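**Student:** With the sequence up front, the predicted model follows.
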Amino acid sequence: NAGVTQTPKFQVLKTGQSMTLQCAQDMNHEYMSWYRQDPGMGLRLIHYSVGAGITDQGEVPNGYNVSRSTTEDFPLRLLSAAPSQTSVYFCASTPLAGGEADTQYFGPGTRLTVL
Amino acid sequence: GQQLNQSPQSMFIQEGEDVSMNCTSSSIFNTWLWYKQDPGEGPVLLIALYKAGELTSNGRLTAQFGITRKDSFLNISASIPSDVGIYFCAGPPGGSYIPTFGRGTSLIVHP
């Protein structure tokens, strides 16, 4: 298993540009989520999904869109990038049932800079 | 917003010392999770706790689920340089499956 993969690893955008951060998992996990990590702020939930076709907002959803057309993929879209979105973005997945319920597996992160 | 208070924010210790950090919440948690994040990497699960009062070890790490279900502790014994990183507590508050994360404890170990 590759686990949770994220692309790209690094990205620099200009203000107003759009882009999609990719996330994929091969563990057949139902639950997937996106976090952003800023210095001293820990991990803040942006959006999450409990299965294909179902998404919901987390703590800091403004400026981001998500979709979940398959169990494996959960892309995060920035429609019009702003400097405040400079951050490290982590995708995570977890099974919703079984002995490992609630334990999240994280990808390696995407480091985004918006100029 | 975040419901978990994690302390201390940072620790600077000498190799061989023991480390203690804790997490408190205003809500009851059914699960407590402790993660470690190495520099430049994503967080990795260290220990998961599922019952109030539970004490679980993973090598030199020991974590406890507080009996009030509103706190948890992580101890690292005989620290080594590779213990360097950020340690996060996390868990879904009771009735939720959406995990909340603490702000992390940054650990630096001097050889």
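**Tutor:** Received, thanks. Keep in mind it's a predicted model, so treat the numbers as computed, not measured.
**Student:** quick one, strands of chain A?
**Tutor:** Using DSSP state E, the strands of chain A run over A:4-7, A:10-13, A:19-25, A:31-38, A:42-51, A:54-57, A:64-66, A:76-78, A:87-94, A:105-106, A:110-114.
**Student:** and the longest one with chain B, contact?
**Tutor:** Which is strand A:42-51. Yes: shown here: strand A:42-51 in contact with chain B (CB under 8 Å from any CB of the partner chain) through A:Gly42, A:Leu43, A:Arg44, A:Leu45, A:Tyr48, A:Val50. All C-beta spots, glycine's among them, are computed from the backbone N, C-alpha and C.
**Student:** Turn the strands of chain A into a markdown table, columns for mean neighbour count.
**Tutor:** Conversion of these to a markdown table gives the following (neighbours: other CB atoms under 10 Å in any protein chain shown):
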| stretch | mean neighbour count |
| --- | --- |
| strand A:4-7 | 18 |
| strand A:10-13 | 14 |
| strand A:19-25 | 19 |
| strand A:31-38 | 23 |
| strand A:42-51 | 21 |
| strand A:54-57 | 14 |
| strand A:64-66 | 19 |
| strand A:76-78 | 18 |
| strand A:87-94 | 23 |
| strand A:105-106 | 22 |
| strand A:110-114 | 18 |
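**Student:** I'd like the ones you listed laid out as JSON lines, including distance to B:Asn58 and mean pLDDT.
**Tutor:** Converted to JSON lines, these look like this (distance: least, CB to CB, whole Å; pLDDT from 0 to 100):
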{"stretch": "strand A:4-7", "distance to B:Asn58": "21", "mean pLDDT": "96"}
{"stretch": "strand A:10-13", "distance to B:Asn58": "32", "mean pLDDT": "96"}
{"stretch": "strand A:19-25", "distance to B:Asn58": "24", "mean pLDDT": "97"}
{"stretch": "strand A:31-38", "distance to B:Asn58": "23", "mean pLDDT": "94"}
{"stretch": "strand A:42-51", "distance to B:Asn58": "21", "mean pLDDT": "92"}
{"stretch": "strand A:54-57", "distance to B:Asn58": "32", "mean pLDDT": "94"}
{"stretch": "strand A:64-66", "distance to B:Asn58": "33", "mean pLDDT": "97"}
{"stretch": "strand A:76-78", "distance to B:Asn58": "32", "mean pLDDT": "97"}
{"stretch": "strand A:87-94", "distance to B:Asn58": "19", "mean pLDDT": "95"}
{"stretch": "strand A:105-106", "distance to B:Asn58": "17", "mean pLDDT": "92"}
{"stretch": "strand A:110-114", "distance to B:Asn58": "29", "mean pLDDT": "97"}
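**Student:** I'd like to know which of the ones you listed is closest to B:Ser27.
**Tutor:** Nearest to B:Ser27 among the strands of chain A is strand A:42-51 (15.6 Å), distances taken as CB to CB.
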